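Asks: Turn this into a model:
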Amino acid sequence: MNFANKPLSAGLYFVATPIGSARDMTLRGLDILASADLIAAEDTRTARKLMEIHGVPLNGRKVVAFHDHSGDGAIARLVQDIRDGKSVAYVSEAGTPLVADPGYELGKAAIAEGLMVTSAPGASAVLAALTVSGLPTDRFAFVGFLPATKQQRETEIAGLRDVPFTLVFYESPKRVGEMLGNLRDVLGGDRQAVVCRELTKKFEETSRGTLAELAEAFDGRSVKGELVVLVGRAGATDVAEMDVEDALRDAMQTMRVKDAATVVAGALGLPRRQVYQVALGMKEDE
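Replies: Predicted coordinates for the structure are as follows:
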């Protein structure tokens, strides 16, 4: 494969990498990996393997480690490299850097120095899971990993109870059964939820149902692989059309149709687009 080996401008390039299938790597991401003066990686072995799969030569360039445990010295060295005119590509082990992955402190330091920071977007477990979940995607909140202890976990879940967004979590295979039980106990067993396992990989699995059903299905089950857990927004089910229309009628007395739809959708935990269509229909019937 031929890569665009033209020199890159000095700066920091965050490059998304596949979460499973190596063929999900973008062409622009490969061009950057082929052209960057220096490659920094959360896992240097994974980065080298990805480049080898796609035939990206190193040609004597360095691949240096940078992860959550890298200190200020490592950040300072990479920032100095950019100041010296080098292009630095950063890749996390899988997915998009900074999204539950390292890179934030490095990006923050480069920005503080007035250096160029850009992104080559690509694979993201969050977006892949939202796409296949069947849950509303117009507004979502990425929570990441919940605390390890039950009390802290349930306290954080309680704080999310009334958030009118689809909630997206990461969880380890060992704790997913317990976590689903906590979600059921705090949010209620009727809330719609989805568990995505091994997205884009050979044994990809998507389990959909209520929190009660999923908590029972995963209770005591031996689970392997990377997991994304999604929970539907509060009130996303069992909202009668009459309730939506009554709420819109009240809101539209003092608001424009668009604003009324936004407020009602948030209050009832429904997709804004759906509520807006109802509002337009009511307006036409007047």
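Asks: CA atoms for contacts and neighbours, from now on please.
Replies: OK.
Asks: How are the helices of the stretch 51-200 of the chain distributed by residue range?
Replies: 72-83, 104-112, 125-133, 150-159, 176-187 (DSSP state H, counting those that start in this stretch).
Asks: Quick one: those as JSON lines, columns for mean pLDDT, mean neighbour count and distance to residue 283 too.
Replies: Listed next are the helices of the stretch 51-200 of the chain as JSON lines, based on pLDDT from 0 to 100; neighbours: other Cα atoms under 10 Å; distance: least, Cα to Cα, whole Å:
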{"stretch": "helix 72-83", "mean pLDDT": "96", "mean neighbour count": "16", "distance to residue 283": "57"}
{"stretch": "helix 104-112", "mean pLDDT": "96", "mean neighbour count": "16", "distance to residue 283": "47"}
{"stretch": "helix 125-133", "mean pLDDT": "97", "mean neighbour count": "18", "distance to residue 283": "32"}
{"stretch": "helix 150-159", "mean pLDDT": "90", "mean neighbour count": "15", "distance to residue 283": "36"}
{"stretch": "helix 176-187", "mean pLDDT": "95", "mean neighbour count": "21", "distance to residue 283": "35"}
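Asks: Format the ones you listed as TSV; extra columns: distance to residue 241.
Replies: Formatted as TSV, the helices of the stretch 51-200 of the chain follow (distance: least, Cα to Cα, whole Å):
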stretch	distance to residue 241
helix 72-83	54
helix 104-112	44
helix 125-133	24
helix 150-159	28
helix 176-187	23
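Asks: To residue 206, which of those helices lies closest?
Replies: Closest to residue 206 of those, according to Cα to Cα: helix 125-133, at 7.7 Å.
Asks: Output the below-cut-off pLDDT ranges for the stretch 101-250 of the chain.
Replies: Scanning the stretch 101-250 of the chain for pLDDT under 70 picks out 235-240.
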